[in-house]
Structure formats: structure tokens, C-alpha cells
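In: no sequence on this one, just coordinates:
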């Protein structure tokens, strides 16, 4: 594996498990020092235990809380001296239509999936300007085509896509890039219900040309590319990593 991130420093939110943990492992494997954050200390410790101690740090933080985001960036700079890459991977899934989504669930989903991206990006931008770094957000194919029974989640991920484009426009003059990776069905704890239900899987395969779910490492590979200098001429992009789902005639129908 190449060392595209040797001497670089990354923050990965939601890094205790799933896609976030895979991203942290990939960036460290390519030479980066990484601050991994999440809400569960035990999960963070488990991820960090598999990585080089001299290039890995963890911090418990909830991206839905602005002060946590500010403190996370400060701690990263104190630990490693700089920030080159911010990966906003933290988030939650929420099943529910407009009719049956409560005010509390709506607000919690938007805080976690959208406000957290805003808070983290705003806190990191001054440091990213110094390093001419980049932001990579984890969105969803739902941001590109909607979908059934995920009103709050789809709205939040749609917001992430447009926030990414806004950041790309506003920060380009400073040499800072912003992109989003939009995963399709990926094998993580968030989609366990789908992976264990043969009826839902049959619906999924009808809409995924490659007829399989993605792996967290495959999402991490796309993130590493967009964060690297190989993508120096790419900003404002929403990159589907979805087995071809977004080239079919509809969005995810598994909850209909």
C-alpha cells in the first residue's frame, strides 16, 4: 500500500465501528496520523488497539454538540500539530415516514447527520486552510435519489450533499477541497435488518447491478482517494460507491 498520507493528520468522526473504523484503518495504513472520535469509548479503544499507538489517538465526542466538535479539533492540533483531512463519518440511520417521524427523532437525526458535519467542518476549516487540506463527508445514495420510509435520514443526507457543494465553492479560493462519498447498501451494523431479511435482500439485488452489498473497506478506499493529492482537481463531487444502484431506475425501496 502507498504512503499517500505520510506526515499528514486526519480526523475521522464515527471512527469506532463500521465505515468510520475502516476509514481510520485505511488512512493510518497509508501513513497518516489519525484522531478517531465517537460516542462510545470502548469501541474507540477497540479500533485504536489495532493501529500504531504513535500515530493514533481517540476522543469521545458527540458531533451533534458544537462544543464537542470544537474541542475535538483543538485536541487534534494539540496532539499532532495540524489537520490535513477531516472525514465526517459519524451519523445515524432513522426509519420513518413524514407521518410517523416524531419531532424528537427528526431533530436528533438532523443534528447527528447534518449539523455535526457543519460543526466539525467549521471548526476544522482554519486549520485546513493552513495545510490546503480537504473535507470528505460520508453521505448516502439517498441524497441522490430519495427513497422510502427514511424521511429524516434522506433529508439530512441531501443536506450533506449541498453543504459539500457550498463548502467546495466557498473554500476553493483557499486551496481547500470538499467532497462526499455516497455509499449504497454497505455491510455495517446500521443495515443489519436488511442483511438478515431475504425478502429485503431480493429487493436490494433488483436495484444493485453488482448484486451484492459493499464492504466498509471499499468505502474507505474511495475516501482515501478523494482525500489524497491524486484527487487534487476534484472538489464539490458527490461520488456514489454503490454497486451501480444510482444508475438504475429508482432509489432504495427496501422499507416500502
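Out: Now that the structure is in, tell me what you want to look at. Just so we're clear, the structure is a prediction, and the values are computed from it rather than from any experiment.
In: Tell me who's in contact with the residue found closest to residue 69 once you drop the neighbours it is linked to in the chain.
Out: Counting by Cβ to Cβ, 6 or more residues apart in numbering, residue 119 is the residue found nearest to residue 69 once chain neighbours are left out, at 3.9 Å. Using the backbone N, CA and C atoms, a C-beta is placed for each residue, glycine as well. Neighbour list for residue 119: 63, 65-66, 69-70 [criterion: Cβ atoms under 8 Å, 6 or more residues apart in numbering].
In: taking those one by one, which sit in helices?
Out: When DSSP state H defines the helices, the subset of the contacts of residue 119 inside them is 66, 69-70.
In: nearest to residue 180, of the residues you listed?
Out: Nearest to residue 180 among the ones in helices among the contacts of residue 119, counting by Cβ to Cβ, is residue 69 at 18.2 Å.
In: on that earlier part again, need the ones in helices among the contacts of residue 119 in CSV with distance to residue 7, can you?
Out: As requested, these are arranged in CSV below (distance: Cβ to Cβ, whole Å):
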residue, distance to residue 7
66, 30
69, 25
70, 25
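In: ranking those residues by neighbours, who comes first?
Out: The most crowded member of these, judged by other Cβ atoms under 10 Å, is residue 69 (28 neighbours).
In: Isn't it up against residue 61?
Out: Yes. Between residue 69 and residue 61 a contact is recorded at 6.9 Å, counting by Cβ atoms under 8 Å.
In: Can you name the residues that contact residue 42?
Out: Here residue 42 is in contact with no residue (Cβ under 8 Å, 6+ apart).
In: try residue 214
Out: 183-187, 241-243.
In: Give the bridge partners for it, please.
Out: residue 186 (DSSP bridges).
In: For it, give its distance to residue 141.
Out: Residue 214 sits 10 Å away from residue 141, taking Cβ to Cβ, to the nearest Å as the criterion.
In: which residues are common contacts for the two?
Out: Listed as contacting both residue 214 and residue 141 by Cβ under 8 Å, 6+ apart are 183-184, 242.
In: Of these, which is the nearest to residue 134?
Out: Using Cβ to Cβ, the shared contacts of residue 214 and residue 141 come closest to residue 134 at residue 183, 18.4 Å.
In: can you count the residues close to that closest one?
Out: By other Cβ under 10 Å, the residues close to residue 183 number 26.
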